[in-house]
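Q: with the input below, show me the fold.
(4 chains)
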2 protein chains.
Amino acid sequence: MLKELDPLLHSQLRLGVMSLLMSAESAEFVYLKEKTNSTAGNLSVQLDKLSEAGYITIEKSFNGKKPLTTCKVTKKGIKAFEEYVNTLRDYIKK
Amino acid sequence: MLKELDPLLHSQLRLGVMSLLMSAESAEFVYLKEKTNSTAGNLSVQLDKLSEAGYITIEKSFNGKKPLTTCKVTKKGIKAFEEYVNTLRDYIKK
DNA sequence: TATTTTGGTTTATTTTATAAACTACTTTAT
DNA sequence: ATAAAGTAGTTTATAAAATAAACCAAAATA
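A: Residues are numbered from 1 along each chain as shown, chains lettered A, B, ... in the order given. The predicted model follows:
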């Protein structure tokens, strides 16, 4: 029987964000927006969900006078991502 | 930039169905229902969507007196699945 | 022969994703 | 100096998707 895929990660945008964070120490809102080709609104909502779940941390600061939102994946997030990938492999391996 | 994941395949249940069909010549409704641990209603709806998209064919017949729904993946479905998997690899590789 | 089970479909509800509108501030052009 | 446009987001509304609930017809079981 196929196992369930963590619904928090099985979303194109949230998975994209996590994927980027998995290989980047930290990433800024604008960078994530560009790389995932998402709208600011959608990204904002999805980052909140990941943060709510404890998969990432969000830090708001300023870059000179502009607001700066910086995200990092947490240990919990890394674990969830790895589990998700393992589960997914059952779906996509031939 | 991350590419978009075929939304028709990026659904746990539809992906599960496709995954099973990719390695099974054909599969019956009841088998798919068990393997994916889905409800009949949800499965029925999702099979229709895959069929609408031309990713699978659905054949309705009888097994003695009981209705029997048999599904097969099409060439188009195989191609779509393979493309999906390739795109997905960019998301889940470290 | 009433009751439950099988194999589904259809419709309604909930959840999720996306888009649109808005805020607050900054930079650029006039 | 000030209007217009751009940046970096958030909030709210809408559309789409997934799921659950209700239903149907026939068959098997008690």
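Q: for the record, mean pLDDT for stretch A:84-94?
A: Mean pLDDT, computed over stretch A:84-94, is 88.
Q: meant to ask about stretch A:57-67, not that
A: On average, the pLDDT along stretch A:57-67 is 89.
Q: near DNA strand C, which residues of chain A?
A: Contact residues (Cβ under 7 Å from any atom of the strand) of chain A with DNA strand C: A:7, A:10-14, A:38-42, A:45-46, A:49, A:64-66. (Each C-beta comes from the backbone N, C-alpha and C, glycine too.)
Q: tell me which element the residue of chain A found nearest DNA strand C falls in.
A: Nearest residue of chain A to DNA strand C: A:Gly41, at 2.3 Å (Cβ to the nearest atom of the strand). With elements delineated by DSSP states H and E, A:Gly41 resides in helix A:40-52, which encompasses its position.
Q: show me what the longest helix belonging to chain A is packed up against.
A: Ranked by residue count, the top helix of chain A under DSSP state H comes out as helix A:75-92. On a contact count with 3 or more Cβ pairs under 8 Å, 6 or more residues apart in numbering or on different chains; DSSP states H and E, helix A:75-92 meets helix A:12-22, helix B:12-22, helix B:75-92.
Q: nearest to A:Lys3, out of those?
A: Nearest to A:Lys3, of all those, is helix B:12-22, at 9.7 Å by Cβ to Cβ.
Q: what about the closest one, average pLDDT?
A: The pLDDT scores in helix B:12-22 average 95.
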